[in-house]
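Enquirer: When you get a sec, could you give me coordinates for this:
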Amino acid sequence: MATFLTRDPRNPDFWDERFEKNFIPWDKGNVPAALQAFVQAAPQPLHTLIPGCGNGYEAAYLAQNGWDVTAIDFSPAAVQSARAAIGVWGKHVIEADFFSYTPAQPLGLIYERAFFCALPPEMRPDIVKRWAALLPAGALLAGYFFHDDAQNASTKGPPFTINSSEFRLLMEPFFELLEDSEVSDSISVFEGRERWQIWRRRS
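Expert: Here you go, the predicted model:
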């Protein structure tokens, strides 16, 4: 069993330790089905940002389908791991902090996968506000959200769960919910508590 010195997921060292010891139970190892369906149904490719990209499989998939994608992680070890995992597509992965990163051009999509739930609950309002600041009106936030309505927001994690009603309260000043569906191919750490959602940035 791996032992860790860093316990604060707000610190890049927390994630460095876990990637360096290959302790990444949130890693699916492939591209989830709902994202594949979303990409195949899209009328055109979207300029996409993937925060907290982990091993970057989705970045590789989007790039292979002609999408202009940038995947970021503030953990140097995570960036190194992603570049090793996805080979030539690793050029789309860069080391950057979500809260200070500025895209080179306006975004059409932010893809969410185990980023929101990776950070402590007190950071949630700042994450939502940053999503809103990065996305112009009409742009999309799509991905997987870790909800648990059987209990209050989890204080133990990561991953940190959130009540779906609480999440809506955070989101609705900035975003309109377009799609909300169950996920059939979750990994065990998220199984039964994961939703595929698409949100549109309000004007």
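
Enquirer: What are the contacting residues of the helix or strand where A71 lies?
Expert: Assigning secondary structure by DSSP states H and E places A71 in strand 69-73. Strand 69-73 has contacts (C-beta atoms under 8 Å, 6 or more residues apart in numbering) with 15, 47-54, 56, 58-59, 62-63, 79, 82, 92-98, 101, 103. Every residue, glycine included, has its C-beta placed from N, CA and C.

Enquirer: Weed out the non-buried ones from these.
Expert: 15, 47-54, 56, 58-59, 62-63, 79, 82, 92-93, 96, 98, 101 (16 or more other C-beta atoms under 10 Å).

Enquirer: The residues you listed in strands, which ones?
Expert: 48-51, 93 (DSSP state E).

Enquirer: now those as CSV including distance to V183?
Expert: Listed next are these as CSV, based on distance: C-beta to C-beta, whole Å:
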residue, distance to V183
T48, 20
L49, 22
I50, 18
P51, 19
V93, 24
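
Enquirer: Tell me the one among those nearest to R200.
Expert: T48 (14.9 Å; C-beta to C-beta).

Enquirer: pull the helix or strand with minimum mean pLDDT from this structure.
Expert: Least confident helix or strand of the chain, by mean pLDDT, DSSP states H and E, is helix 12-20 with a mean of 80.

Enquirer: tell me the angle of that one relative to strand 69-73?
Expert: 100 degrees (axes from the mean of the first three to the mean of the last three C-alpha atoms, to 10 degrees).

Enquirer: Could you export helix 12-20 as CSV, CA atoms only?
Expert: Extracted C-alpha coordinates of helix 12-20, given in CSV (Å, rounded to 0.1, in the frame of the first residue of the first chain):
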residue,chain,number,x,y,z
PRO,A,12,0.7,20.1,-6.9
ASP,A,13,2.9,17.9,-4.7
PHE,A,14,-0.2,15.9,-3.7
TRP,A,15,-0.8,14.8,-7.2
ASP,A,16,2.9,14.5,-8.1
GLU,A,17,3.3,11.9,-5.3
ARG,A,18,0.3,9.9,-6.6
PHE,A,19,1.4,9.9,-10.2
GLU,A,20,5.0,9.1,-9.3
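
Enquirer: the helices in the chain, which residues?
Expert: In the chain, the helices defined using DSSP state H lie at 12-20, 33-41, 57-64, 76-86, 124-134, 164-171.

Enquirer: Pull out the buried residues from the first one.
Expert: Just to be clear, that refers to helix 12-20. Under 16+ other C-beta under 10 Å, the buried positions of helix 12-20 are 12, 14-19.

Enquirer: returning to that earlier point: sheet-wise, list the partners of the strand holding A71 with their directions.
Expert: Note on strand 69-73: by DSSP bridges, its sheet partners are strand 48-51 (parallel), strand 93-95 (parallel).
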